[in-house]
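Q: fold the following for me, if possible:
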Amino acid sequence: MVIANATELQKMVGIEFKKFKNKGHLDVVFSKGIMRMPRLKIDSRQITLLRNLIAFENCILPSMRTISCYMKLMDALIDSHKDVELLQQGGVIYNTLNNHEEAATFFNDIGNFCFIDYKTNHFSGLYNDVQKYYDSSLHRKWESLQQTYFSSPWAGISVFAAGILLILSALQTFYTIYGYYKPKK
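A: Residues are numbered from 1 along each chain as shown. So this is what the prediction gives:
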């Protein structure tokens, strides 16, 4: 199971990433173009802890590898510093490393050590839902329309004004033709 990185998901189909307030569980929820994830703090101590937890999970049953599944998901979502920036803006990641490039490198490296079985992956339904949303031509066209015509307030106002002028021109044409065929007496 493969999904696009966070920047591509946001750019192509408008998926938003937001912090999920949960009670200590690694739940990730995707609904109506919004992926809610728990906040993950990235610092040198957290990196060591996560590596040790993944090493421990490699010794247990694949169906019990929750952290490995979550880190594999994060590896799929993060390819570059732009993805880390996007997830930090949504409150999903709190990066205290020197820069976003270090965090991206960490996620890309740790994903190689997460040995998971995709049949028992905790997030297999999430992967499928995101891929369906990503493959939908309606979502792609809507996001393209928003980026092209509503990228700034002035662009939106000009599209609205053009629509009003088009409606007024159509009404003027209609009443001109109507007056020709049904003149006032």
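Q: okay, CA-based contacts and neighbour counts for the rest of this
A: Will do.
Q: need the contact list for Val2.
A: 76, 127 (CA atoms under 8 Å, 6 or more residues apart in numbering).
Q: and it, which of the three is it?
A: coil (DSSP: H, G, I helix; E, B strand; the rest coil).
Q: which secondary structure elements does the worst-scoring helix or strand of the chain on mean pLDDT contact?
A: One helix or strand of the chain scores below all others by mean pLDDT, DSSP states H and E: helix 137-149, with a mean of 71. Packing partners of helix 137-149 (3 or more CA pairs under 8 Å, 6 or more residues apart in numbering; DSSP states H and E): helix 6-13, helix 153-181.
Q: among those, which is nearest Asn108?
A: Asn108 lies closest to helix 6-13 among the helices and strands packed on helix 137-149, at 13.4 Å (CA to CA).
Q: now the closest one: mean pLDDT?
A: Across helix 6-13, the average pLDDT comes to 79.
Q: what lies in contact with the helix or strand following that helix?
A: Using DSSP states H and E, the helix or strand that directly follows helix 6-13 along the chain is strand 16-19. With CA under 8 Å, 6+ apart as the test, strand 16-19 has contacts from 10, 33-39, 86-87, 90-92.
Q: now strand 16-19, how far from the centre of its chain.
A: Relative to the centre of its chain, strand 16-19 is centred 7 Å away, using CA atoms, centre = their mean, to the nearest Å.
Q: for stretch 72-84, same thing?
A: What separates the centre of stretch 72-84 from the centre of its chain is 11 Å, taken as CA atoms, centre = their mean.
Q: then stretch 76-85?
A: For stretch 76-85 - counting by CA atoms, centre = their mean - the centre lies 11 Å from the chain centre.
Q: same thing with stretch 123-133?
A: Centroid displacement of stretch 123-133 relative to its chain, using CA atoms, centre = their mean, is 12 Å.
Q: give me the residues contacting that stretch.
A: Contacts for stretch 123-133 (CA under 8 Å, 6+ apart): 1-3, 13, 28-30, 33, 69-70, 73, 118, 139.
Q: using ChimeraX, define a selection of the buried residues within those residues.
A: With 16 or more other CA atoms under 10 Å as the criterion, this ChimeraX line picks the buried residues out of these:
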select :3,13,28,29,30,33,69,70,73,139
